[in-house]
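# sequence and predicted model, in that order:
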Amino acid sequence: MSVKRGALSDQRGITLVELMVASAVLGMVVLVASSLYAFGASTFRLGESQAWLQANMDTALRSIVSRVRNATELQVMTSTPGAFDSGWYYIYLKDPSAETTSVQLRSPGGSAVAITDDLVQGEDGLRFHARLVEDDILLDISLQGSYRSRTRQSSVTILLGNLTSLPPNTSGAAVRFRLPG
Amino acid sequence: MKSRNSEHGFTLLEVLVAIVVLGLAVGSILLVFSNSVTWLWAAGQRSEALNAAETGIAQKLAEGPKSDDDELSIEFPGAGKMTVKGELAEATGTSGNQSSTITAFLPEEPEE
């Protein structure tokens, strides 16, 4: 309370004009700062979605390719199989009727793991197409996914050097195959 | 207490200059942010380019060599050297401004 009698009590207040200028400047600073923040946050979110989608799709495609390439026997199935035979690897969509679902890899022992997050499109999200070029069998693999507002399509073709004949059914959304050894 | 009275505050101009300087600093940080998104996109295109190159080389492997101008020699220590004729084929895939090239040797089919 003693301060009031000292220096501060001598000071005048601030005028209305000063107050208005100060609040206008503050207003502009806040406006610019918040728009910068909003820009930064949306950029970060966009980048994060894209990174997640890319990482998922690319790892899954690599992991499919590295196994299927060595197949000694392969069958293309039109959709997710209802029952599984032992001794085969299976690659299929977990729930093709869902808007987005995961790609599953089932090993001959019977354990299934998801090799993507739930971001692969249920309809046409995973496609296989086998075709004959000269005497060799090529397999087109295509993956389509979406995460938040981002979409991505990845496809690759591999040579199935260990196969001797084209599978009876050439197009579908799932495959089963055997590996050597 | 006297000294407080003699202090000067910042002028409006000083405040505005400070704000502009701060703005430049923040702006350059945001530039790094948006650059990282550009690099992320490039990484995505790179893997698309790799897939395209792999598709190209699979097609060439299936079609077989178009010529026998190239040779591949493998030397086995103490067991001699083998030479295979064929074609050294290249497949390039591009996506955006990223590209990827795979080179493979396509051996000539041995004559029966």
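Good, I have the coordinates.
# which residues does residue A:92 form beta bridges with?
With DSSP bridges as the criterion, residue A:92 is bridged to residue A:104.
# check what pLDDT it gets.
Looking at residue A:92, its pLDDT is 96.
# hmm, residue A:80 and it touching each other?
Yes. In this structure, residue A:92 is within contact of residue A:80 by C-beta atoms under 8 Å, at 4.4 Å. For glycine as for every other residue, the C-beta is placed from the backbone atoms N, C-alpha and C.
# do the longest helix along chain B and chain A meet at all?
Counting by DSSP state H, the longest helix found in chain B is helix B:12-63. Yes. Using C-beta under 8 Å from any C-beta of the partner chain, a contact is recorded between helix B:12-63 and chain A, made by B:12, B:15-16, B:19, B:23, B:26-27, B:30, B:33-34, B:36-37, B:40-41, B:43-44, B:47-48, B:51, B:54-55, B:58-59, B:61-63.
# in PyMOL, select just the buried ones from the residues you listed.
Filtering those down to the buried ones (16 or more other C-beta atoms under 10 Å in any protein chain shown) takes a single PyMOL command:
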select buried, chain B and resi 15+37+40+43+44+47+48+51+54+55+58+59+61+62
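# between residue A:92 and residue A:80, point out the one with more neighbours.
The neighbour count for residue A:92 versus residue A:80, taken as other C-beta atoms under 10 Å in any protein chain shown, is higher for residue A:92 (22 against 19).
# quick one, what contacts the more buried one?
Listed by C-beta atoms under 8 Å, 6 or more residues apart in numbering or on different chains, the contact partners of residue A:92 are A:77, A:79-81, A:103-104, A:106, A:126, A:173-175.
# in strands, which of those appear?
A:77, A:103-104, A:106, A:126, A:174-175 (DSSP state E).
# hey, where'd the strands end up in chain A?
Going by DSSP E, chain A shows strands at A:73-77, A:89-93, A:100-101, A:103-106, A:112-114, A:120-121, A:126-133, A:136-147, A:150-159, A:171-172, A:174-178.
# tell me the pLDDT of residue 19.
Assuming you mean chain A. At residue A:19, pLDDT is 91.
# looking at chain B here, not the other one
Looking at residue B:19, the pLDDT reads 86.
# again with residue A:39
86.
# any idea which residue sits dead centre in chain B?
What sits nearest the mean C-alpha location of chain B, by C-alpha atoms, centre = their mean, is residue B:46, with 5.3 Å.
# can you get me a residue count around the nearest residue to residue B:70 once chain neighbours are set aside?
The shortest distance from residue B:70 to any non-neighbouring residue, by C-beta to C-beta, 6 or more residues apart in numbering or on different chains, is to residue B:88 (4.2 Å). By the criterion of other C-beta under 10 Å, residue B:88 has 14 neighbours.
# ok, now residue A:64?
22.
# quick check: longest helix of chain A.
Assigned via DSSP H, chain A shows its longest helix as helix A:16-68.
# just checking, what packs against it?
strand A:89-93, strand A:103-106, strand A:136-147, strand A:150-159, strand A:174-178, helix B:12-63 (3 or more C-beta pairs under 8 Å, 6 or more residues apart in numbering or on different chains; DSSP states H and E).
# quick one: residues contacting residue A:15.
No contacts exist for residue A:15 under C-beta under 8 Å, 6+ apart.
# what score does residue 83 have for pLDDT?
The chain I'm using is chain A. Looking at residue A:83, the pLDDT reads 91.
# to clarify, I was referring to chain B.
So, for residue B:83, pLDDT stands at 91.
# kindly report the same for residue A:36.
Residue A:36 is given a pLDDT of 83.
# point to the residue nearest the middle of chain A.
Closest-to-mean residue, chain A, C-alpha atoms, centre = their mean: residue A:53 / 2.4 Å.
# my guess is that residue contacts residue A:145. True?
Yes. Checked against C-beta under 8 Å, the pair residue A:53 and residue A:145 is within contact range at 6.1 Å.
# residues shared between the contacts of those two?
By C-beta under 8 Å, 6+ apart, the residues touching both residue A:53 and residue A:145 are A:119, A:151-152.
# now list the buried members of those.
By 16+ other C-beta under 10 Å, the shared contacts of residue A:53 and residue A:145 give A:119, A:152 as buried.
# need the shared contacts of residue A:53 and residue A:145 in JSON lines with distance to residue A:12 and pLDDT, can you?
Shown next, in JSON lines, are those (distance: C-beta to C-beta, whole Å; pLDDT from 0 to 100):
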{"residue": "A:119", "distance to residue A:12": "64", "pLDDT": "94"}
{"residue": "A:151", "distance to residue A:12": "63", "pLDDT": "93"}
{"residue": "A:152", "distance to residue A:12": "65", "pLDDT": "94"}
